[in-house]
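Engineer: can't give you the sequence, but here's the structure:
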């Protein structure tokens, strides 16, 4: 079982690195993850079947913005492993996998919060002239921590069984889970504020609020706002810079003045 | 003539190396995704070879430090299209180092912010929508018959467009960016571009505040009065914008980053326990 737990943990690492290091090529999709599990456990056909069922469940879940997704990638590795090891159906195996996905999601929230402290560290490294250390935070430490966040729950649940994971999840109080979720939604506000502090000036502030208000009231997507913004900016550019060029070129300015 | 050709070849080789750098580093952009500034460290990692090349001289270390810090700002954009932003930003950094006097470093941040929104839209609709559904819809069909071609085809269908978009994004971002910027600089039109990028960037950030911070309040009195519904009639998303402006104020007051992060986390948990905020 130790050997299987390690191999499945490594599949977990491949799957989590798909969106971390390989630009999300969809290796993390249940169909692929489950097939990999099938190959590792020596039952490719079962892996394919379970993968197809899980994929059907998962399609339609699009992961958008900062909210933590229902961790289908982690869930499907566990579910596929249990379906193959115990002969359970894909749906039953997925139910068993839910507590593990919950644990994984919680770990992911804590991890993404902890990684906010990388920003403080990177800033300090840059001040000290340790540029390499600053970028290593990303490529080495970031990748390693994400790998651990998948390896550990998979290893525990395969090696010790889901009973232990269920116990761990039931020990975590509800207030902490929902508290961490709220805290994770507060942090982006700070990120946006930091970005604004380099870009916002009294003259430019209205544009920020226009963008905010349109989306707040009319629920138009960020892409939609960007397209409107480009047109507004071009119109304003024509008004502002046309005035300037005509007043500096003399003749035109005079003729307008006389009107 | 032959010497000219040689140098042209060398430039081409050098540029190809740069495109590959943008390519791979754009795929690894999420390796340290964090709630606060999301893919910022990934972007810094992506542009660091360019910065190291520009500011090689030890006496430029202060410029290098400020360039590194410039790219620590919030960033969030699809990996496949980030190569375009990386290429463009790299060529802007090169321009800045050549004309430090008439190139506003803030325009780099503004251009980045203005590109995030529309380019991320491609992820949601094209890669996560169309391509993924097509690839896996087909894959499921094969897999249900126990055919290993299912997952293989699905992966290939996802890989090809992702590869092409990332590669040409890197190339176009860098070359078009370079030509465009040189032309603008010679026409003295940089001010106008900075203005446009600033307007688009700020409107996009405003829109992101409204759409990406999903906080509401569950406070209510009995069943008749729900605070959130009242807030919604005044201004929807009042909580996200107030929170952002509060953070902005803290930053202007030069409050220490570590403190703000602690306040965010502890405050978030407290607000949830007391039933003031809900995500």
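Structural biologist: Great, that's in hand. All values reported here derive from a predicted model rather than from experimental measurement.

Engineer: Neighbours of residue B:256, how many?
Structural biologist: Here the number of neighbours of residue B:256 (other Cβ atoms under 10 Å in any protein chain shown) works out to 10. C-beta here means a position set from N, CA and C on the backbone, and glycine is covered the same way.

Engineer: Just list the residues touching it, thanks.
Structural biologist: Under the criterion of Cβ atoms under 8 Å, 6 or more residues apart in numbering or on different chains, residue B:256 has no neighbours.

Engineer: C-terminal to the helix or strand harbouring residue A:113, what's the next element?
Structural biologist: For residue A:113, the element it lies in under DSSP states H and E is helix A:90-114. Stepping forward along the backbone from helix A:90-114, the first helix or strand reached (DSSP H and E) is helix A:116-127.

Engineer: Okay, buried residues for that following helix please.
Structural biologist: Along helix A:116-127, these residues count as buried under the neighbour rule (16 or more other Cβ atoms under 10 Å in any protein chain shown): A:116, A:118, A:119, A:122, A:125, A:126.

Engineer: What is that helix packed up against?
Structural biologist: helix A:131-136, helix B:40-54, helix B:61-70, helix B:257-273 (3 or more Cβ pairs under 8 Å, 6 or more residues apart in numbering or on different chains; DSSP states H and E).

Engineer: Now do the third one: distance to the chain's middle.
Structural biologist: To tie it back to what came earlier, the one meant is helix B:61-70. Centroid separation between helix B:61-70 and its chain, computed with Cα atoms, centre = their mean, to the nearest Å, is 19 Å.

Engineer: what sits up against that helix?
Structural biologist: A:123, A:126-127, A:129, A:131, A:134, A:198, B:44, B:48, B:51-52, B:54-55, B:93, B:97, B:100, B:105, B:108-109.

Engineer: One more pass at 7 Å, please.
Structural biologist: A:123, A:126-127, A:129, A:131, A:134, B:44, B:51, B:55, B:93, B:105, B:108-109 (Cβ atoms under 7 Å, 6 or more residues apart in numbering or on different chains).

Engineer: anything in stretch B:37-56 near chain A?
Structural biologist: Yes - shown here: stretch B:37-56 in contact with chain A (Cβ under 7 Å from any Cβ of the partner chain) through B:37, B:38, B:40, B:41, B:42, B:44, B:45, B:48.

Engineer: ok, how many other residues are close to residue A:13?
Structural biologist: Close neighbours of residue A:13, defined as other Cβ under 10 Å, add up to 19.

Engineer: which element is residue B:185 on?
Structural biologist: When elements are assigned from DSSP H and E, residue B:185 belongs to helix B:149-187.

Engineer: and the angle from whichever helix or strand comes after that helix to helix B:149-187?
Structural biologist: Scanning the chain past helix B:149-187 towards its C-terminal end, the next helix or strand to appear is helix B:190-212 (assignment: DSSP H and E). Helix B:190-212 runs at 140 degrees relative to helix B:149-187, counting by axes from the mean of the first three to the mean of the last three Cα atoms, to 10 degrees.

Engineer: by contact count, what packs against helix B:190-212?
Structural biologist: helix A:174-199, helix A:205-218, helix A:222-248, helix B:106-122, helix B:238-252 (3 or more Cβ pairs under 7 Å, 6 or more residues apart in numbering or on different chains; DSSP states H and E).

Engineer: Skip ahead from it and say which helix or strand is next.
Structural biologist: The C-terminal neighbour of helix B:190-212 among helices and strands, as given by DSSP H and E, is strand B:220-221.

Engineer: Next, count neighbours for residue A:87.
Structural biologist: Residue crowding around residue A:87 was assessed by other Cβ under 10 Å; the count is 10.

Engineer: what about it, distance to residue A:77?
Structural biologist: The gap separating residue A:87 from residue A:77 is 17 Å, by Cβ to Cβ, to the nearest Å.

Engineer: ok, now residue A:176?
Structural biologist: From residue A:176 across to residue A:77, the span is 25 Å (Cβ to Cβ).

Engineer: picking up where we left off before, what lies in contact with the helix holding residue A:113?
Structural biologist: Contacts to helix A:90-114, defined as Cβ under 7 Å, 6+ apart, come from residues A:50, A:53-54, A:68, A:70-71, A:74-75, A:78-79, A:82-83, A:145, A:149, A:153, A:157, A:162, A:165-166, A:168-169, A:172, A:177, A:180-181, A:183-184, A:187, B:33-35, B:265.
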